[in-house]
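J.: Predicted model, plus sequence, below.
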Amino acid sequence: MACRISELVIDVADPERLAAFWSEVLGYVELGREPDGSIEIGPPEVGFGGPQPTLVLSPSSDPRTGKLPLHIDVNATDRDQDAELERLLALGARPVDVGQDGTENWHVLADPEGNEFCLLHRRLPPL
């Protein structure tokens, strides 16, 4: 037996804003809200427990220091990397320099709160 990742919990200042951003990026929908202000998003019609992990955006006022020790990688499913980069930038992502040398075949971006994620080169089939 083994475990699998069922959800990723991300501490954020504005769960509403990041739930909207990540729902657009991933094609997710809102699955639920908790009394503490957390918002869970996940794949439509599958939700929690499916092949893709859900994201829980949990409110936090703790200050962030430095580069995140864990980040999300995403791949386009219905367009090439350049077109997906344009889409992500239009949604509010921004390029970030974390020490890349310019020869990478991925883009380092940040969501509207500055959480780093990478847009990888290879296109994946949708689930």
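T.: Received the coordinates, thanks. Keep in mind it's a predicted model, so treat the numbers as computed, not measured.

J.: how about the strands in this structure?
T.: Here the chain has its strands, by DSSP state E, at 7-12, 29-33, 39-42, 54-59, 72-74, 94-95, 107-110, 116-119.

J.: Look up the residues forming beta bridges with the nearest residue to residue 98 once chain neighbours are set aside.
T.: Closest residue to residue 98 apart from its sequence neighbours, by Cβ to Cβ, 6 or more residues apart in numbering: residue 108 at 5.4 Å. The way it works is simple: take the backbone N, C-alpha and C, and place the C-beta from them, glycine included. Taking DSSP bridges as the rule, residue 108 bridges to residue 118.

J.: Run through the residues that contact residue 108.
T.: Going by Cβ atoms under 8 Å, 6 or more residues apart in numbering, residue 108 touches 95, 96, 97, 98, 100, 116, 117, 118.

J.: And residue 127, by the same measure?
T.: With Cβ under 8 Å, 6+ apart, residue 127 has these contacts: 43, 51, 52.

J.: Buried ones among these?
T.: Buried by 16 or more other Cβ atoms under 10 Å: 43, 52, out of those.

J.: how about the helices of the chain, start to end?
T.: Along the chain, the stretches classed as helices by DSSP state H are 15-26, 81-91.

J.: Quick check: buried residues in the longest one?
T.: Meaning helix 15-26. Buried residues in helix 15-26 (16+ other Cβ under 10 Å): 15, 18, 19, 20, 21, 22, 23, 25, 26.

J.: Switch the residues you listed over to TSV; also include pLDDT and distance to residue 82.
T.: As requested, the buried residues of helix 15-26 are exported to TSV (pLDDT from 0 to 100; distance: Cβ to Cβ, whole Å):
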residue	pLDDT	distance to residue 82
15	97	31
18	97	25
19	98	27
20	98	24
21	98	20
22	98	21
23	98	23
25	97	16
26	96	19
